[in-house]
Each structure stands twice: as C-alpha cells, then as structure tokens.
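[1] Fold the following for me, if possible:
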Amino acid sequence: MAHQVAVIGMGRFGVSLARELYRVGHDVLAIDNNADLTQQMMGQVTYSVTGDSTSEELLEEVGIRNFDTCVVAIGTIQASVLTTVLLKQTFEISHVVARATNMLHGKTLQAVGADRVVYPEQETGLRTAHSLFQREVLQYMELTSTFGFSMIMVTQEMIGKSLEQAGFANSRDKYSASVVAIRRGRDPILSPSKDEVLIEGDVMVIAAPEDTLENLGTGH
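    Okay, here's the model as predicted:
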C-alpha cells in the first residue's frame, strides 16, 4: 500500500529516508529551506519544495493535510519542535515521526505530540523507511535490495497462536516470511518449530521480502 509521506529536512538522515521511501513505491514530498538540497532531490522523490517548514502558510500551500505521515528530520532543535507543533496541532497529521539530536530534544518532541521519535545515531534513514508504517517492526537489516531481516514485536492477534497458525510456518505461508528466532525475556528460541506458541512480549526475528512487512499483523 502506497502512502503519502512528507520528509522535512534534507540532511543525511532525511535524504536516505526520502530516497528509500520513494524507491519502495511511496509518494514522497521533500521539503528543505536550502534550494540546493531540494534541487538535488529532483527525480529522487515525487515532489521537492524549498521553504520554511515553521511557516503555516508554506505547509498549507504544499497541501500538507493530504499527507498521512510526516517525518521531521530537521537538525535544528527549535525548528524541529515548531514544525512538529504545526503538524500535530494545526494540521492534525495522524502520524508524525521526528528526529531528535539528544534525549532532551526527544522528550520535548514527544511532549508537543510527536507519535514517534528516532535517534539517527541508533537508527539510519534506511531502517526508518522500512519500519515507518509498521509499528511492530523494531529493527530492519537489509540483506539485498528486496529482502532483509526484521525484528517484529508479536501483535495482539498473534498471541496464543502457534507459528503455523500465525502464518509463519514456511516461506509459502501467509506472510512469505520465515522465523529465524524468538526472543522471550532473556532466553532466545533458535529455529523455533511451527508449533511454538507465541506469547505477549515475544519478539520474532524474521527473514522476509520487504514488501511483506506491511501485511504483518494487519490480517491482509
């Protein structure tokens, strides 16, 4: 399913995130106040706009209300907080992800309404792109351009089901995904059998094509 995503701030994190989201098929709007940076993004995203994201008029002009997800990747703390406030409180964007430079910055972003805060020193733009719309995806590691490993938090609909019942018995099942291990507390379960029953708090390490991730836990 394609999403409409606005990525605001074309630093290293924002650029890698925007490019990857566009590559996997999402409609991506790139915004930065540096014309050279937005010019460089031409052809690598759907739209590229130069302007100040702390301006309500600019956000209105680019049709920000039409985007279901916005990522605030600005490095400047004041600008990132003000932009997040506008997105959540003025434009009521349902899903706002914000980049934080430190813990205090992150707590401030959460306080003003950011739905998720990411720390670039811990999470790259590439990994964020693959977990942006799947709240259960904790981490993604690319193996090839179309296949990778993911850490997935077990969803409510999976609790009490065996791997087979949840659709993870083999690569031909529901999700075309194979469970490599399960982290249960401090004890890993390696190469779990199809009869292993999932419990609340389990984290699965799965190998899967990238285009199956959006179906995890959705019932599709």
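
[2] from here on, contacts and neighbour counts on C-alpha atoms
    OK.

[3] Now that residue 25 has come up, it's in contact with residue 5, right?
    No - in this structure residue 25 lies outside contact range of residue 5 using CA atoms under 8 Å: 10.9 Å.

[4] So if I had to pick from those two, which one is more boxed in?
    residue 5 (25 against 14; other CA atoms under 10 Å).

[5] Who are the packing partners of the top helix by length along the chain?
    In the chain, taking DSSP state H as the definition, the longest helix is helix 12-23. If contacts are counted by 3 or more CA pairs under 8 Å, 6 or more residues apart in numbering; DSSP states H and E, helix 12-23 sits against strand 4-8, strand 27-32, helix 125-131.

[6] can you tell me which of those the model trusts least?
    Ranked by mean pLDDT, those end with helix 125-131 at the bottom, a mean of 57.

[7] I figured residue 35 hits residue 50, correct?
    Yes - assessed by CA under 8 Å, residue 35 is found in contact with residue 50 at 5.5 Å.

[8] about what we covered before: which residues belonging to the longest helix of the chain are considered buried?
    Within helix 12-23, the residues scored as buried using 16 or more other CA atoms under 10 Å are 13, 14, 15, 16, 17, 18, 19, 20, 21, 22.

[9] and the residue lying farthest from the centre of the chain, helix, strand or coil?
    Computed with CA atoms, centre = their mean, the residue of the chain farthest from its C-alpha average is residue 195, at 30.7 Å. Secondary structure assignment for residue 195 (DSSP: H, G, I helix; E, B strand; the rest coil): coil.

[10] Next one, pLDDT for it please.
    90.

[11] Ok, residue 187 next?
    74.

[12] That one and residue 78, how far apart?
    Distance, residue 187 to residue 78, by CA to CA, to the nearest Å: 43 Å.
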